[in-house]
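Asks: give me coordinates for this.
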Amino acid sequence: MSIGMIFDHLYIVLLSVFFTVLIGLPLGILAYMKQRARAVVLWTVDILQTIPALALLGIIMVFLGAGKTTVIIGLVLYSLLPVVRNTYLGLSNIDPAVKEAADGMGMSRTYRLMHVEIPIAFPVIFTGIRIAAVTSIGVAVFAAFVGGGGLGSILYRGIHIQNMQLIMSGTLSLMGMAVLFDGVMAFIEKRLYRHRKS
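Replies: Have a look, this model is predicted:
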């Protein structure tokens, strides 16, 4: 195992989380603001989550071929659920009195959303991002099966040649990465909730 493989895995995870937020946040807002779109958006992300990760990557690979693009698209689709759901729930659970006060101050719905509702709901939204990031670290292992590289290559090779040392080194690296991500994001999450309460 090399440092390059670890950075390769990190690259895949970070890029997929970036696009998950870029797509998931607007979808969550759409589900919150448009009742007609809500059922479709939430049902779609629920269905995507039920597809086995390896099967999803295989389907995408049929159309786009093997490589990192296939892996990143697969991870984004697989990780949308927590971001979309938490965005929708965070915005939906804001105290109605806060919304009424914003309306009473003459704020438009868009202004209220951007300057009042999203800042209040952001700790809940961030929890969804945290779940998506930690999940992506594990799911990105399947990148090895579609030519995406990363630490999955170590595990695949270790299993193939029945080398416990390779399997354990890959597993421990993934566990360390997941614990580090989760710890840092949990710290930020606590600060966000503390800031909201204050």
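Asks: center of this protein, which residue is that?
Replies: Centrality entry for the chain: nearest residue to the mean C-alpha point is residue 132, 2.7 Å, by CA atoms, centre = their mean.
Asks: state the helix or strand in which that residue lies.
Replies: Here residue 132 sits within helix 118-139, counting by DSSP states H and E.
Asks: now swap in residue 77 and tell me
Replies: According to DSSP H and E, residue 77 maps onto helix 68-92.
Asks: in that helix, which residues are buried?
Replies: Buried residues in helix 68-92, counted by 16 or more other CB atoms under 10 Å: 68, 70-91. C-betas here are computed from N, CA, C, even on glycine.
Asks: longest helix of the chain?
Replies: For the chain, the helix that runs over the most residues, judged by DSSP state H, is helix 164-197.
Asks: give me the helices and strands touching it, please.
Replies: Applying 3 or more CB pairs under 8 Å, 6 or more residues apart in numbering; DSSP states H and E, one finds that helix 164-197 makes contact with helix 3-33, helix 118-139, helix 152-160.
Asks: of the ones you listed, which is nearest residue 110?
Replies: Nearest of the helices and strands packed on helix 164-197 to residue 110, taken as CB to CB: helix 3-33 at 9.4 Å.
Asks: then the helix or strand of the chain with the lowest mean pLDDT to PDB, C-alphas only?
Replies: One helix or strand of the chain scores below all others by mean pLDDT, DSSP states H and E: helix 152-160, with a mean of 83. Extracted C-alpha coordinates of helix 152-160, given in PDB (Å, rounded to 0.1, in the frame of the first residue of the first chain):
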ATOM      1  CA  GLY A 152     -10.300  -0.900  -2.600                       C
ATOM      2  CA  SER A 153      -7.500  -2.200  -4.800                       C
ATOM      3  CA  ILE A 154      -5.500  -3.300  -1.700                       C
ATOM      4  CA  LEU A 155      -8.500  -5.200  -0.300                       C
ATOM      5  CA  TYR A 156      -9.300  -6.700  -3.700                       C
ATOM      6  CA  ARG A 157      -5.700  -7.900  -4.200                       C
ATOM      7  CA  GLY A 158      -5.400  -9.200  -0.600                       C
ATOM      8  CA  ILE A 159      -8.600 -11.200  -0.900                       C
ATOM      9  CA  HIS A 160      -7.600 -12.500  -4.300                       C
END
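Asks: elements contacting it?
Replies: In terms of contacts (3+ CB pairs under 8 Å, 6+ apart), helix 152-160 is packed against helix 3-33, helix 164-197.
Asks: same thing but at 7 Å, please
Replies: Judged by 3 or more CB pairs under 7 Å, 6 or more residues apart in numbering; DSSP states H and E, helix 152-160 is in contact with helix 164-197.
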